[in-house]
Each structure stands twice: as structure tokens, then as C-alpha cells.
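got a structure for you, letters missing:
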């Protein structure tokens, strides 16, 4: 079946460095993606979204890149802070509610 | 912005009893809400789509008679775990979308930690 999956389950970065979290999808008809941040014991929080007619979208300290050719998207966090430590999910909400397994980001002070 | 309130945030119940979890959209109306289950260190798994005024749509493998969903109003959906067993212990999360907002983002509740003993 269709899936949305993440390349790496864990990521550790030094405070102040940039973080890049990757996500692959398999449904070529997917047209809407969202990145969520989930802190321990809490529900996911919306970070940023992107539609398939875009290849880049920027928010506050975050940038999402979409490569439809290879069905890949990434979340870039600039100047990573300890408060960014969480699990990050990408989701394809254009067709189904598939969530990747998540990448656990740990920021090292 | 859109806020989804979920209650209770945690509950412990005895095996064989039923537990009701509420999901409310506080500042918007939601004709559709979604229920997820999340086991430790795993992703969210969609259980069912709750439709206001009609039957919920369950994902494959989810027992509709065990996980009763009621969406009686545009701001409230409830999930009742009936005859709960220890294997039902999990983190249950609901989400909803404010159709009035320009972006189609979904807002999640804060989750309910269910422990069945």
C-alpha cells in the first residue's frame, strides 16, 4: 500500500546548528503535506505545510522542501534550539492520513 | 487559532470496564473529526473518521463495536473504549479541521493516555 516514511528514526544536533529531517512518500498523487512536531506526552502540533504546486515554503526558522521527482520532502530547522527537541512527523493529507514513523530530534546544549 | 480540547488527559481503568474520551473543537465547528492511536515510540495510526450526524468510518482492523464513536454535534466527538483490556492501553489522539480557515491544517488534541490494569 501507499506509505509515508522517514529515512532516519533519530537525529542529534548541537544547539545552534541547522537540522534536516527527511521524509519519503510513495503516492505520486499526493498533493498536500504537513510537518508536525510532537513533544513527549502531547498531541502533534502543526509546523508547516506545502502543496504539490510548490517546491519550497518557509516559515519561522523552518523551511520545507518538496521534490516531486523523487517523492521526497524535508524539513529544515535553522539554529536549532533545545525546545526543538521532539519527534517530527510528515503526513500526506491529500489522500489518506498516513504518518511516517517519526524522527526523534535531540538538541545537544 | 483553532483549538481542539481532549478530555481526560489520562485515565486508568480496570480491565473489562469502558472509558469515554471527549474531543471538542473550542472555537470552530468540525463536521469531521479523526481518532488516532499511538503506541510508545510509534507513529499515529488513524483509527476512524468521525462524521457529525452519521456513522463513523473505521479503518481496516479497527473493531467498531469495541471503539464506539459518537459525533452528536459540530463541536464534540466521543470515543468509547468498551470492555477495555490491557492491550488497549495506548495514547489516543483526536484531530479536527477548521474549514473556515484558509489553510487546511488539522489541529490535534493534547491526547489521552489510557492505561488498563
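The structure has been received and is ready for your questions. Values in this document were obtained by computation on a predicted structure and should not be read as measured data.

which bits of chain B sit near chain A?
B:4, B:6, B:34, B:36, B:42-46, B:91, B:93, B:95, B:103-111, B:113 (C-beta under 8 Å from any C-beta of the partner chain). (Glycine included, C-beta is placed from N, CA and C.)

as a whole number, average confidence for the host helix or strand of residue A:23?
For residue A:23, the host element (DSSP states H and E) is strand A:19-25. Across strand A:19-25, pLDDT averages out at 92.

same question, stretch B:69-89
Stretch B:69-89 comes out at a mean pLDDT of 95.

Please apply the same query to stretch A:84-100.
80.

Point out the residues in chain A that sit beside chain B.
A:32, A:34, A:36, A:41-46, A:49, A:89, A:93, A:96-97, A:99-102.

Of those, keep whichever come out buried.
Buried subset of the residues of chain A next to chain B (neighbour count, 16 or more other C-beta atoms under 10 Å in any protein chain shown): A:32, A:34, A:36, A:42-44, A:46, A:49, A:89, A:93, A:96-97, A:99-102.

thinking again about what came up before, buried sites along the strand holding residue A:23?
Neighbour counts over strand A:19-25 (16+ other C-beta under 10 Å) mark A:19, A:21-25 as buried.

Which secondary structure elements does it sit against?
If you count contacts as 3 or more C-beta pairs under 8 Å, 6 or more residues apart in numbering or on different chains; DSSP states H and E, strand A:19-25 packs onto strand A:4-6, strand A:10-14, strand A:32-38, strand A:72-77, strand A:86-92, strand A:103-108.

Worst mean pLDDT among these?
Within the helices and strands packed on strand A:19-25, confidence is poorest for strand A:4-6, with a mean of 48 (mean pLDDT).

about what we covered before: please name whichever of the helices and strands packed on strand A:19-25 is nearest to residue B:57.
Nearest of the helices and strands packed on strand A:19-25 to residue B:57, taken as C-beta to C-beta: strand A:86-92 at 18.0 Å.
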